[in-house]
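Asks: Quick one: sequence and predicted model below, then my questions.
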Amino acid sequence: MITGNVVVVGGGVAGMEVAGQLARSGCMVSLIEKESSAGGHIKEWHHLFPDRRNSMEVTDYLARQINHDNITLLTGTTIARMGYGKKVFTVDTENGKSISADAVVVATGFDLFRSERKEEYGYGIYDNVITSADLEVMFRNGEIKLTDGRRPEKIGIVHCVGSRDEKVGNIYCSKLCCITAVKQAMELKEHLSDARVYCFYMDMRMGGALYEETYRESQEKYGINFIRGKVSEVGETIDHKLIIKVEDTLVGRPLRMELDMIVLMAGMEMSKGGEQMAQIFGLKTGENRFFAAADHHYGSNESNVEALFFAGSCTAPMNITETISHARAAAAEVICYLRKAER
Amino acid sequence: MEKFGFKISKTRVIDFDQNDKSVAEFIYTNEPSFRLCIECGGCSATCTAGNFIPFSLRELQILLKRGETEKVKDNIEKCMLCGKCSLVCPRGVNTRNIIELAKRAFKTPELHAV
């Protein structure tokens, strides 16, 4: 067992996992979450790729992880100031609490790209342009319908919204959107078996475990159509149908298509909370605005500040499997550091 | 009337909604592996015919899927059915059957006409 006080900033997947691991090792953990409950983005998601399991199974696991006497969960709490001296952090919260800690883990995660920034896609302008997150809410409510109550017959899914796009300042790949598109395309077909679903992609980046198999399944069993080309703009016809412009780059000619509904695959960005932490703690960030870890290969949990570690997607886009692994690695780094400090 | 040399250009846009995609539908039904193509171009690279004359199965299959069938009709006759494309396809697409089905569909429109 190990002793020490640790502040974990962010009560999403990474923060909950790292808090649970540290509590079980004997540390006293203050888990700080700005929202009214822990859980992070996964709370809003209905099913998870690649196997389409219910996200509740994972949130239940995480709830069990933080159900420990050594963990104090502080919800509705943000950090105002931080001091560090004699190997002790003093973390002051906005609501007037002051917490002493031997180590800090920043697990501030990501924000979803705000799709209205990609104005040409018409999110917030046209009724039936929605985001991947909006679609998850529809899945959870069990009904896919247009704003006028009809069922969509023809649905387009647009990849890379806010990712790999210099025009919005994000040159990196968010890496989860391709597989999310494939997952949601199949789920749309499960809800609306007669609907036709078209994915518009630049590259299919199917780099994770079971991703390629899922992509193949979407073609083979669900008849999802894939068209290679970045959608340049979305418009509306006089009878309120959506119309897209894209080059079918494999044919080498522009293509026009009417659709009932368009789903935008919003990418991942450094969170606003993370940016505040970078200022408060003096943390380095990279060109992609996520936290810059001390070493890309063997120090992905270490920061430029002593006794301060990173966990999860505040360092780069990560799926849940990777986030949990990264959080466990962060716990191991904290334990290692506290052991050294004890001697 | 005076001629100024102006003319109306035909649009290059693929009009997906108006195009007749019934040949592709016919192939999807009879050879479901038609859906599995990921446009790698392996078939076209190895193609015996394509190495000497302009012929690309990758291009022809996507034109079928978009309903741009005019270009496919004559072109597909260039295939010699050697089957090398099936050997190299990483997705296991039954390319030879796709060509046979497309040819059949063009010869007997009543098979797929809507």
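Replies: Good, I have the coordinates.
Asks: tell me the SS of the closest residue to A:C178 other than its chain neighbours?
Replies: Spatial nearest neighbour of A:C178, excluding adjacent residues (CB to CB, 6 or more residues apart in numbering or on different chains): A:R205 at 4.7 Å. Every residue, glycine included, has its C-beta placed from N, CA and C. Under DSSP: H, G, I helix; E, B strand; the rest coil, the three-state class of A:R205 is coil.
Asks: in what helix or strand does the residue nearest in space to the middle of chain B lie?
Replies: In chain B, the C-alpha nearest the mean C-alpha coordinate belongs to B:L60, at 2.6 Å (CA atoms, centre = their mean). Here B:L60 sits within helix B:57-66, counting by DSSP states H and E.
Asks: After that helix, which helix or strand is next? Please name it.
Replies: The helix or strand immediately downstream of helix B:57-66 is helix B:70-75, counting by DSSP H and E.
Asks: List the buried residues in the very next helix or strand once past that following helix.
Replies: As assigned by DSSP H and E, the chain's next helix or strand after helix B:70-75 is helix B:84-88. Within helix B:84-88, the residues scored as buried using 16 or more other CB atoms under 10 Å in any protein chain shown are B:84-86.
Asks: and helix B:84-88, how far from the chain's centre?
Replies: Relative to the chain's own centre, helix B:84-88 is displaced by 17 Å; criterion: CA atoms, centre = their mean, to the nearest Å.
Asks: Excluding its own residues, what touches it? List them.
Replies: For helix B:84-88, the surrounding residues in contact (CB atoms under 8 Å, 6 or more residues apart in numbering or on different chains) are B:42-48, B:57, B:93-96.
Asks: what's the closest of those to chain A?
Replies: B:V93 (10.4 Å; CB to the nearest CB).
Asks: part of a helix, is that closest one?
Replies: No. Remark: B:V93 does not belong to a helix; assigned using three-state DSSP, it is coil.
Asks: residues contacting the residue lying closest to it once chain neighbours are set aside?
Replies: Leaving aside its sequence neighbours, B:V93 sits nearest to B:S33 (CB to CB, 6+ apart; 4.7 Å). By CB under 8 Å, 6+ apart, B:S33 lies in contact with A:220, B:91-94, B:98.
Asks: 10 Å - rerun?
Replies: Each residue near B:S33 by CB atoms under 10 Å, 6 or more residues apart in numbering or on different chains is listed here: A:219-220, B:27, B:86, B:89, B:91-95, B:97-98.
Asks: Is it in a helix, a strand, or coil?
Replies: At B:S33 the chain is in helix, as set by three-state DSSP.
Asks: I'd like to know which of the contacts of helix B:84-88 are buried.
Replies: B:42-44, B:46-47, B:57, B:93-96.
Asks: Helices along chain A, start to end?
Replies: In chain A, the helices defined using DSSP state H lie at A:13-24, A:55-66, A:132-141, A:177-191, A:211-220, A:272-281, A:320-342.
Asks: Rebuild the ones you listed as TSV, extending it with mean neighbour count and mean pLDDT.
Replies: Formatted as TSV, those follow (neighbours: other CB atoms under 10 Å in any protein chain shown; pLDDT from 0 to 100):
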stretch	mean neighbour count	mean pLDDT
helix A:13-24	28	98
helix A:55-66	16	98
helix A:132-141	17	97
helix A:177-191	23	98
helix A:211-220	18	97
helix A:272-281	18	96
helix A:320-342	19	95
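Asks: wait, which of these is closest to B:K78?
Replies: helix A:211-220 (26.9 Å; CB to CB).
Asks: ok and the closest one relative to helix A:177-191, angle-wise?
Replies: When axes from the mean of the first three to the mean of the last three CA atoms, to 10 degrees is applied, the directions of helix A:211-220 and helix A:177-191 differ by 40 degrees.
Asks: Outside of helix A:211-220 itself, which residues are in contact with it?
Replies: By CB under 10 Å, 6+ apart, helix A:211-220 touches A:49-52, A:175-176, A:178-179, A:181-186, A:189, A:197, A:199, A:204-206, A:208, A:210, A:224-226, A:319, B:32-38, B:91-92.
Asks: go with 6 Å
Replies: The contact list for helix A:211-220 (CB atoms under 6 Å, 6 or more residues apart in numbering or on different chains) reads A:50, A:179, A:182, A:185-186, A:206, A:224, B:35-36.
Asks: pLDDT below threshold where in the chain?
Replies: Since no chain was named, I'll use chain A. Residue ranges of chain A with pLDDT under 70: A:342-343.
Asks: wrong one, I was asking about chain B
Replies: Those would be B:1, B:114, if you go by pLDDT under 70 across chain B.
Asks: can you rerun that using 50?
Replies: For chain B, no stretch is flagged by pLDDT under 50.
Asks: Get me the contact residues on it for chain A.
Replies: B:12-14, B:16-17, B:35-36, B:39, B:62 (CB under 6 Å from any CB of the partner chain).
Asks: Please name the spatially closest residue to residue 16 (chain neighbours excluded).
Replies: Using chain A. Ranked by CB to CB, 6+ apart and with sequence neighbours excluded, the top spatial neighbour of A:M16 is A:L62, at 4.3 Å.
Asks: that's the wrong chain, I meant chain B
Replies: A:M257 (4.3 Å).
Asks: What about the one you found, how many residues nearby?
Replies: Neighbourhood size, A:M257 [other CB atoms under 10 Å in any protein chain shown]: 22.
Asks: Hmm, it is touching B:Q18, no?
Replies: No. With contacts counted by CB atoms under 6 Å, A:M257 stays clear of B:Q18, the gap being 10.3 Å.
Asks: dump the residue contacts of the residue nearest to the centre of chain B.
Replies: B:V72.
Asks: if you set the cut-off to 8 Å instead, what comes out?
Replies: Residues counted as contacts of B:L60 (CB under 8 Å, 6+ apart) are B:71-72, B:75-76, B:102.
Asks: out of those residues, who has the most neighbours?
Replies: With neighbours taken as other CB under 10 Å, the top of those is B:A102, carrying 24 neighbours.
Asks: which residue packs closest to that one, ignoring adjacent ones?
Replies: Among residues not flanking B:A102 along the chain, B:I76 sits closest, at 5.5 Å (CB to CB, 6+ apart).
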